[in-house]
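J.: okay, structure incoming, though there's no sequence with it:
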Ligand code: AQP
């Protein structure tokens, strides 16, 4: 049976990049497949998080997912640390994965490169085996992934394969990626060489799903651009990363191809184009922002949705984890 697992880290407010690159797609996928939507707080703590902020961000992410259209009754919405099976299976998979495999993971190298490598957490290094556990704990068959997670999903496939070879043929399905189109990668509004990110120290680098219309207008107005008007060919646009990012953002929000968006806006000055971009962004986000506010005002209700989701996830995971324990020889008394 097909089953999708998707995760998002509660490392901050969800932003337009998360929405357009991932969540909008999840909302479509939930119509055709049973889905687990997991707020991966255990992944978040692989880099340091302030405890109160982590709790707040977990509720914020839950509210944003619901406001974006994730249906918590049809699917399962929960936080990772509420289901112990993630940590339990991760340990087993740590022992199945090979040290050399993890050493080749480029995301660890990139993330650890920004800090003193000796000081990076062991959790950051082992992040991919926890991700493998997230997926395999539910025998998920499909995982929507952006380019940055492709290598981790490959590793999950290798781990599943090795487990199957050692302990039991075809126990884990080998999960398939659902590749997100690279054009939906939204870059920082301050530096188009970096992706829009929750943990960017500058709030002007991103548009949050909780930003009001004035804040969105200000951020778009301040978004880095160059002095020339928008060009009339995609080739010319590609040479101007900031312009390409804003046009790409417009195209994605309007459900147009970059070519179509360029046909509408070629030759326009940024001052004018940015007004249209603001209007479009506000029209897409305003209903979500209002719903996020409403949900965050009732944290008990949000918590009960997450609690119910965790119970359902735990019910699915229990027999799979028990079978893993039997296969590897843990005596269960
Ligand atoms: N800028 C982006 N454009 C398109 N898609 C994006 N995603 C993230 N940023 C962009 C997609 O959102 C999903 C959830 O991401 P995540 O929270 O698990 O982790 P991330 O990719 O590390 O996101 P951030 O915002 O950059 O968080 P931090 O700053 O904590 O690292 C994923 O499917 C991701 O591809």
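T.: Cool, the structure landed. Note that the structure is predicted; figures quoted are calculated from it, not measured. Numbering: from 1, shown residues only.
J.: near the ligand, which residues of the stretch 1-150 of the chain are found?
T.: 7, 8, 9, 11, 17, 18, 21, 22, 146, 148 (Cβ under 6 Å from any ligand atom). From N, CA and C alone the C-beta is placed, and that goes for glycine too.
J.: list the contacts for the nearest residue to residue 196 once chain neighbours are set aside?
T.: Leaving aside its sequence neighbours, residue 196 sits nearest to residue 17 (Cβ to Cβ, 6 or more residues apart in numbering; 3.6 Å). Residue 17 makes contact with 185, 186, 187, 195, 196, 197, 206, according to Cβ atoms under 8 Å, 6 or more residues apart in numbering.
J.: swap in 10 Å and give it another go.
T.: Going by Cβ atoms under 10 Å, 6 or more residues apart in numbering, residue 17 touches 23, 146, 184-188, 195-198, 205-207, 249, 252.
J.: host element of it?
T.: Take DSSP states H and E as the rule and residue 17 turns out to sit in helix 16-18.
J.: give the other helices and strands that the following helix or strand past that helix contacts.
T.: Toward the C-terminus, helix 16-18 is succeeded by helix 24-29 as the next helix or strand (DSSP H and E). Secondary-structure packing of helix 24-29 (3 or more Cβ pairs under 10 Å, 6 or more residues apart in numbering; DSSP states H and E): strand 4-8, strand 35-39, helix 51-68, strand 142-145, strand 176-179.
J.: check the ones you listed for me and report the most buried one.
T.: The highest average neighbour count among the helices and strands packed on helix 24-29, using mean count of other Cβ atoms under 10 Å, belongs to strand 35-39 at a mean of 26.
J.: name the helices or strands packed onto that one?
T.: strand 4-8, helix 24-29, helix 51-68, strand 76-79, helix 122-136, helix 299-328.
J.: show me what the third one is packed up against.
T.: With contacts defined as 3+ Cβ pairs under 10 Å, 6+ apart, the secondary structure elements packing on helix 51-68 are strand 4-8, helix 16-18, helix 24-29, strand 35-39, helix 41-44, strand 76-79, helix 270-296, helix 299-328.
J.: okay, and the helix or strand of this protein with the least pLDDT?
T.: helix 106-113 (a mean of 80; mean pLDDT, DSSP states H and E).
J.: ok, residues contacting it?
T.: In contact with helix 106-113 (Cβ under 10 Å, 6+ apart) are residues 46-47, 102-103, 105, 117-121, 124-128, 148-149, 151-152.
J.: let's go with 6 Å and repeat that
T.: 120, 125 (Cβ atoms under 6 Å, 6 or more residues apart in numbering).
J.: quick check: buried residues in stretch 298-313?
T.: Going by neighbour count (16 or more other Cβ atoms under 10 Å), the buried part of stretch 298-313 is 302, 305, 306, 309, 310, 312, 313.
J.: give me the nearest residue to the closest residue to the ligand within the stretch 201-333 of the chain, chain neighbours excluded.
T.: The nearest approach of the stretch 201-333 of the chain to the ligand comes at residue 206, 7.8 Å away (Cβ to the nearest ligand atom). For residue 206, ignoring the flanking residues on the chain, the nearest one in space by Cβ to Cβ, 6+ apart is residue 15 at 4.1 Å.
J.: what's the separation between that neighbour and residue 60?
T.: Between residue 15 and residue 60 the computed distance is 11 Å (Cβ to Cβ, to the nearest Å).
J.: one more: residue 177?
T.: From residue 177 to residue 60 the distance is 27 Å (Cβ to Cβ).
J.: what does residue 106 give?
T.: Relative to residue 60, and taking Cβ to Cβ, residue 106 is found at 29 Å.
J.: check the burial of the residue nearest to residue 206 by counting its neighbours.
T.: Using other Cβ atoms under 10 Å, the number of residues around residue 15 comes to 26.
J.: mind listing what it touches?
T.: Applying Cβ under 6 Å, 6+ apart, the residues contacting residue 15 are 196, 206, 208.
J.: give me the phi and psi for the residue of the stretch 201-333 of the chain closest to the ligand.
T.: phi -140, psi 160 (degrees, to the nearest 10).
J.: can we start the residue count at 59 from this point?
T.: Okay, using 59 as the starting number, the last item reads as residue 264.
J.: how many residues are close by it?
T.: 26.
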